[in-house]
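Undergrad: could you work out the structure for the sequence below:
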Amino acid sequence: MTVHIQLIPIISIIAGILILAKPKILNYVVAIYLIAIGVIQLLGLHL
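TA: Sure thing, here's the model as predicted:
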């Protein structure tokens, strides 16, 4: 049995939880999220 977990939805969930928990870090969470998604897309990782 193989479990296939995608990385982008997990990053999105973590970012959403962080924003709900600490609204003052919204700018940092959004910036880190966008950078992470950009790197994943550029490298063509299918995680």
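
Undergrad: which residue is nearest the centroid of the chain?
TA: residue 11 (2.4 Å; C-alpha atoms, centre = their mean).

Undergrad: which residue packs closest to that one, ignoring adjacent ones?
TA: residue 36 (5.6 Å; C-beta to C-beta, 6 or more residues apart in numbering). All C-beta atoms are positioned from the backbone trio N, CA, C, and that covers glycine.

Undergrad: please identify which helix or strand holds the residue nearest to the centre of the chain.
TA: helix 7-21 (DSSP states H and E).

Undergrad: list the contacts of the longest helix belonging to the chain.
TA: Longest helix in the chain by number of residues (criterion: DSSP state H): helix 26-43. Helix 26-43 is touched from outside by 7-8, 11-12, 15, 18-19, 47, with contacts defined as C-beta atoms under 8 Å, 6 or more residues apart in numbering.

Undergrad: what do you get if the cut-off is 6 Å, keeping everything else the same?
TA: Helix 26-43 is contacted from outside by 11, 15, 18-19, using C-beta atoms under 6 Å, 6 or more residues apart in numbering.

Undergrad: ok, and the most crowded of these?
TA: residue 15 (18 neighbours; other C-beta atoms under 10 Å).

Undergrad: which residues does that residue contact?
TA: So residue 15 contacts 29, 33 (C-beta under 6 Å, 6+ apart).
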